[in-house]
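>>> any chance you could fold what I've pasted below:
(chains A and B)
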Amino acid sequence: MSSVKQSAIWDLQLRQLLLTKLGQEASECEDFLAADPQTCRFAVADGATEAFDARSWAERLALRWVQRESTLTLEEFRQWVAAEGRELQDSWNGLKLSWYSEEKARAGSFAAFVGVELDLNFDLPSWKAIALGDACMLHCRRGTLIKGLPLSRSESFNTAPILVASDSSLHESSMTSVVIDSGSCESGDVLLLMSDAVASWYLQRLENGSAENLFDSKCDEELKRFFDDERLAGRIRNDDLAIIRIEIRERSIS
Amino acid sequence: MYSAQITRANPTCIILLIDQSGSMADPFSGDSARKKSDFVAEVVNHTLHDLVIRCTKTEEVRNYYHVSVIGYGRTVGSCFSGPLSARHIVPIAEVADYPLQVKSSYKRVSDGAGGWVEIPVRYPVWIHPSSDGKTPMCEALGKVKEILERWLMEHPRGFPPTVLHLTDGESSDGDPNDIGQQIMSLRTDDGAVLLFNCHISTRRSAKIEYPTEEITLADGFARSLFGISSKLPSNFLAAAAQLGVNAVEGSRGFVFNGDPSSIVQFYEIGTSLTGMTPYRWMDAADRTEQA
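Numbers count the residues shown, from 1 in each chain, chains lettered A, B, ... in the order given. Below you'll find the model as predicted:
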């Protein structure tokens, strides 16, 4: 956990967890998270398992989005994704590929993405977020969901979400599914950015009223063991897990 | 049941069992130009292509599936030839590496701005059409059982094997019920082997797709195949729904008097496994063969 002084009034407490699907090597993880506490931008991207070079695409989306300014309107997002997609696909030129890799590359790469930017410069902190796919941002207050995007119910997850495509010819239809939202926070509020498997599971816990204190009571190693056990027991689908937890706290005046 | 994750450590097995009897050289009703055997070979090659693509991770094919293509007609045995010749079951990565040939074609796709562009695609071929001899269905199902028994000894856990059986006629070597039941009684810890049957017809007859009850079947052979068709697990039903196929809880993996579109859907649903999105069949009209 890290604490970052963000303004005269507000502190952010950050926790990040990235776990590879059980039975796979860390180098095979297709979830990525990125955090820039200075700019207050955070992102999670989840490369589609069946896509070509999904790991690179997820990494690029998460890391580069937090380094940018804005990119919180549909048009900015569309232009940025198109440029990043071109760059990714250009990096495949010159690769000597088998027929099946060539086929796969032709379809481009796909990833779910969610990014949030916090503004702590006012009395009331606020956030703006953008998402496409099934990686989620959940705004929670005292164990209750205030807002979730792009999905806010555990039963809303399916096996064929519309994702961020590297091939801009697919953007005409996919970009209509981008979700942009904003909200304001109180001291003690928590923003969670999560990839799909853990987001679906966590929403279910919120729906059952059993999500509170999950992160408070466990150190990183305990949390890792906990999520491994949940996946082994089948309560969380065996998938890569990416979690960024941001707690917003009013600074105590000493 | 039928919920195990398919991984390299716990792969599943898919067996495509194809009738290659002499009558498969006949055309579909209403389409005198197209032999059933030609169409089936094309669909099987596309199915193998889609399975390979699904398992492709950038530059590697992961062995999520072990695949078998068994034909029966004049003889009963593996349809693979070339480097895979006589192999009864082959990990998908080897299937990927050893097509008999890879043809180049073009596919028409949206350009994203309201128009169309043609893009090159690869079109690998593993099996050629064949149609000769009688219909030794019992012997063929016996071969499938033998392959499965051996495979299950090494893979007792994980998603159960799926057998997709396609035929255009009645068995010439007896009632397939007993051997079919024996196959359906084999299992992993995640459920019994799935046996799905698709009967295709030369005659212009009403097709029956994924029925729930035998009572709708007037034909004795149809009832026999219905009896050895597994119920579609829920994840296969979801794939059927995505394809617009009317299959419901309790539907059997069974088609009678199927037409070409029934065959395509049968293979798409039958290989959809664990809720994976079925790959869309590349419409033949969208493809331009290149010399």
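>>> centre of the chain to the helix ranked longest in chain B, how far?
Counting residues, the longest helix in chain B under DSSP state H turns out to be helix B:36-55. Centroid separation for helix B:36-55 versus its chain: 8 Å, with C-alpha atoms, centre = their mean, to the nearest Å.
>>> and if you look at stretch B:35-45?
Here stretch B:35-45 is found 11 Å from its chain centre; the criterion is C-alpha atoms, centre = their mean.
>>> what is the helix or strand following the longest helix of chain B packed up against?
Proceeding C-terminally, helix B:36-55 gives way to strand B:56-57 as the next helix or strand, assigned by DSSP states H and E. Judged by 3 or more C-beta pairs under 8 Å, 6 or more residues apart in numbering or on different chains; DSSP states H and E, the packing partners of strand B:56-57 are helix A:99-106. The way it works is simple: take the backbone N, C-alpha and C, and place the C-beta from them, glycine included.
>>> could you rerun that using 10 Å?
Helices and strands in packing contact with strand B:56-57 are listed as helix A:99-106, helix B:92-97; criterion 3 or more C-beta pairs under 10 Å, 6 or more residues apart in numbering or on different chains; DSSP states H and E.
>>> the longest helix of chain B versus helix A:99-106: what angle between them?
Counting by axes from the mean of the first three to the mean of the last three C-alpha atoms, to 10 degrees, helix B:36-55 points 70 degrees away from the direction of helix A:99-106.
>>> residue A:252 against residue A:11, yeah?
Yes - with contact taken as C-beta atoms under 10 Å, residue A:252 and residue A:11 are classed as touching, separated by 9.0 Å.
>>> which stretches of the chain form helices?
I went with chain A, as the question did not name one. Across chain A, reading from the start of the chain, the helices by DSSP H fall at A:54-67, A:74-90, A:99-106, A:171-174, A:196-208, A:220-232.
>>> wrong one, chain B
If you assign secondary structure with DSSP H, the helices in chain B sit at B:36-55, B:92-97, B:137-154, B:177-185, B:220-227, B:234-242, B:260-270.
>>> format those helices as a markdown table; extra columns: distance to chain A, mean pLDDT and mean neighbour count.
As requested, the helices of chain B are exported to a markdown table (distance: least, C-beta to the nearest C-beta, whole Å; pLDDT from 0 to 100; neighbours: other C-beta atoms under 10 Å in any protein chain shown):
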| stretch | distance to chain A | mean pLDDT | mean neighbour count |
| --- | --- | --- | --- |
| helix B:36-55 | 5 | 93 | 22 |
| helix B:92-97 | 5 | 96 | 21 |
| helix B:137-154 | 18 | 97 | 19 |
| helix B:177-185 | 26 | 97 | 17 |
| helix B:220-227 | 29 | 87 | 18 |
| helix B:234-242 | 8 | 89 | 20 |
| helix B:260-270 | 14 | 92 | 22 |
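>>> need those helices in TSV with distance to residue A:165, can you?
Formatted as TSV, the entries for the helices of chain B read as follows, by distance: least, C-beta to C-beta, whole Å:
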stretch	distance to residue A:165
helix B:36-55	17
helix B:92-97	24
helix B:137-154	37
helix B:177-185	41
helix B:220-227	42
helix B:234-242	19
helix B:260-270	23
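>>> just for chain B, where's the confidence low?
Of all residues in chain B, those with pLDDT under 70 make up the ranges B:30-32, B:109-114, B:204, B:215-218, B:274-291.
>>> tell me which stretches of chain A form strands.
Along chain A, counting by DSSP state E, strands occupy A:2-5, A:10-19, A:31-36, A:41-47, A:110-119, A:126-132, A:136-141, A:144-149, A:164-165, A:179-184, A:190-194, A:241-250.
>>> ditto for the stretch 101-250 of chain B
All strands of the stretch 101-250 of chain B, identified by DSSP state E, counting those that start in this stretch, fall at B:101-110, B:116-125, B:162-167, B:187-188, B:191-192, B:194-200, B:208-209.
>>> can you redo those as CSV with distance to residue A:233 and mean neighbour count?
As requested, these are exported to CSV (distance: least, C-beta to C-beta, whole Å; neighbours: other C-beta atoms under 10 Å in any protein chain shown):
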stretch, distance to residue A:233, mean neighbour count
strand B:101-110, 43, 14
strand B:116-125, 41, 16
strand B:162-167, 27, 26
strand B:187-188, 20, 18
strand B:191-192, 19, 16
strand B:194-200, 26, 25
strand B:208-209, 38, 20
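>>> any chance of these in CSV, plus distance to residue A:197?
As requested, the strands of the stretch 101-250 of chain B are arranged in CSV below (distance: least, C-beta to C-beta, whole Å):
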stretch, distance to residue A:197
strand B:101-110, 31
strand B:116-125, 33
strand B:162-167, 25
strand B:187-188, 24
strand B:191-192, 23
strand B:194-200, 26
strand B:208-209, 34
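>>> residue of the stretch 101-250 of chain A closest to chain B, please.
Per C-beta to the nearest C-beta, the residue of the stretch 101-250 of chain A with the smallest distance to chain B is residue A:169, at 3.5 Å.
>>> thought that residue was touching residue A:175?
No - the pair formed by residue A:169 and residue A:175 falls short of the contact definition of C-beta under 10 Å, at 11.8 Å.
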